[in-house]
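Asker: below are the sequence and a predicted model for it; my questions follow.
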Amino acid sequence: MEYGRRLQGMDIMTLIREEIRRQGGYHAGVVSCRIKLDANESPFTLSPSLKDALFEEMKKVHLNRYPDPGSPLIRERFARHYGVKQDMLMVGNGSDELIHILCTALSDKSAAVMAPVPTFVMYRIIAMNAGRVVIETPLEATTFDLDLNATLDQIERRNPALVFISYPNSPTGNCFDETKIEAIIAKSSGIVVVDEAYGYFSGKTLLPLLSKYDNLMILKTLSKVGLAAMRLGFLIGRASFVRELDKVRLPYNINALSQVAAGFYMDHLTFFLNQAAEVVKRRNELFEALRKIGGIHPCPTDANFIFLRCDLDADRIHEDLIARGVLIKNLNGPGVLKNCMRVTVGSREENGEFLQALRSVIEGIRS
């Protein structure tokens with residue numbers, strides 16, 4: 001009875017950590033638009049024949065049985081694909097799960113996680129949710145490259161246990177100077193995680209550095225090359241470290257249908273890589289077209305999206321584009337993100353409709 005009375009007078013919100021209650025979290029907005037260019041997804045789906053072939057493979061899955069724990073067949077195939085040993089690779093339910101595992105596994109409760117800003121927001125959110133101190137170092141304002149001196153200073157003074165580096169970076173789209181990244185890896189006594197989610201479009205990777213640095217981890221994903229719905233990510237690094245991280249991974253974290261899709265990707269690798277090459281072509285065309293629009297300043301990019309600086313109000317442009325059935329990412333915020341947006345590279349038809357709508361919006365704002 002006394003216990004029941006205590007519960008009735010208790011504010012259960014106090015059971016939630018304060019840093020979680022303070023943050024807004026990550027909300028993937030649902031806006032219905034005819035042209036969707038906001039989430040860095042591939043504009044291409046499978047051909048009907050390939051889709052039928054994938055579904056035929058999925059029909060073989062026994063839905064009453066658990067999937068293979070640890071995804072051993074997938075690990076074996078992708079390890080060969082990336083040129084590493086199988087015990088150096090772990091499969092995650094998207095890169096987000098792997099980031100969460102890294103942040104959760106840290107030994108010191110006060111361990112800090114560092115990342116440049118602006119970058120992929122989930123580094124910060126997941127680190128905070130795991131109770132970690134977050135250290136942010138601003139990028140260089142004009143080039144969006146890493147501020148090496150500031151980063152090395154923070155590493156020396158605060159010794160972060162994890163450093164996240166997106167390569168290419170989201171949302172700016174550029175690949176950081178590789179010599180700067182290597183200097184950060186060499187200086188750090190913690191783990192440096194290089195996230196190569198957009199590596200398909202840059203043609204660059206730091207995988208060769210794995211043999212040189214024990215504290216380097218690489219993240220990969222299939223989300224950007226046409227399989228975003230399947231949520232498949234890969235962590236690659238020192239085998240002994242991966243083995244410890246695997247203890248944190250939840251059992252059966254990759255469902256059986258996603259494991260089938262991962263094998264299907266390897267069976268049809270050329271198809272998916274050709275689609276990525278097509279995105280690069282469309283990206284270059286879109287970039288040149290955006291350069292010709294007054295008041296819009298696209299930044300050079302190595303990814304499947306283009307970061308835009310605008311002379312006009314980005315909020316107004318974003319709203320007017322939605323009214324015309326076109327959705328892009330509004331990044332407008334303080335500092336370097338003032339009046340900035342990001343557009344995913346679509347098909348040639350989608351890019352054309354976006355450009356037409358953008359020209360119309362800008363003309364309407366100026367008239």
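Answerer: Yes, it's here.

Asker: shaky segments in the stretch 151-300 of the chain?
Answerer: The model of the stretch 151-300 of the chain has no residue with pLDDT under 70.

Asker: show me where it has its strands.
Answerer: In the stretch 151-300 of the chain, strands defined by DSSP state E, counting those that start in this stretch lie at 162-166, 191-195, 216-221, 233-236, 296-298, listed in chain order.

Asker: can I get those in TSV with distance to Val326?
Answerer: Quick note: C-beta positions are derived from backbone N, CA and C, even for glycine. Below are the strands of the stretch 151-300 of the chain laid out as TSV (distance: least, C-beta to C-beta, whole Å):
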stretch	distance to Val326
strand 162-166	26
strand 191-195	28
strand 216-221	26
strand 233-236	29
strand 296-298	14
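
Asker: dump those strands into a markdown table; add mean neighbour count and distance to Ala141 as well.
Answerer: Listed next are those as a markdown table, based on neighbours: other C-beta atoms under 10 Å; distance: least, C-beta to C-beta, whole Å:
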| stretch | mean neighbour count | distance to Ala141 |
| --- | --- | --- |
| strand 162-166 | 26 | 18 |
| strand 191-195 | 25 | 22 |
| strand 216-221 | 24 | 27 |
| strand 233-236 | 24 | 31 |
| strand 296-298 | 18 | 14 |
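
Asker: among the ones you listed, which comes closest to Asp153?
Answerer: strand 162-166 (13.1 Å; C-beta to C-beta).

Asker: about what we covered before: tell me which of the strands of the stretch 151-300 of the chain sits nearest to Arg282.
Answerer: Among these, strand 296-298 sits nearest to Arg282 (C-beta to C-beta), with 13.7 Å.

Asker: direction included, what does the closest one pair against?
Answerer: strand 305-310 (antiparallel) (DSSP bridges).

Asker: what's the mean pLDDT across the partner strand?
Answerer: With pLDDT averaged residue by residue, strand 305-310 scores 97.

Asker: next, the buried residues of it.
Answerer: Buried residues in strand 305-310, counted by 16 or more other C-beta atoms under 10 Å: 305-310.

Asker: now whichever helix or strand comes after it: mean pLDDT?
Answerer: Downstream of strand 305-310, the next assigned helix or strand under DSSP states H and E is helix 314-323. Mean pLDDT, helix 314-323: 97.

Asker: which elements pack onto the following helix or strand past helix 314-323?
Answerer: For helix 314-323, the following helix or strand on the C-terminal side (DSSP H and E) is strand 326-330. When contacts are defined as 3 or more C-beta pairs under 8 Å, 6 or more residues apart in numbering; DSSP states H and E, strand 326-330 packs onto strand 35-37, helix 314-323, strand 340-344, helix 348-366.

Asker: what's the shortest one packed up against?
Answerer: Put plainly, it is strand 35-37. Using 3+ C-beta pairs under 8 Å, 6+ apart: strand 35-37 touches strand 326-330, helix 348-366.

Asker: repeat for the longest one
Answerer: Counting contacts by 3+ C-beta pairs under 8 Å, 6+ apart, helix 348-366 packs against strand 35-37, helix 269-291, helix 314-323, strand 326-330.

Asker: contact partners of it?
Answerer: Outside helix 348-366, the residues that touch it by C-beta atoms under 8 Å, 6 or more residues apart in numbering are 34-35, 37, 43, 282, 285-286, 289-290, 293-296, 312-313, 316-317, 320-321, 324-326, 328, 343, 345-346.
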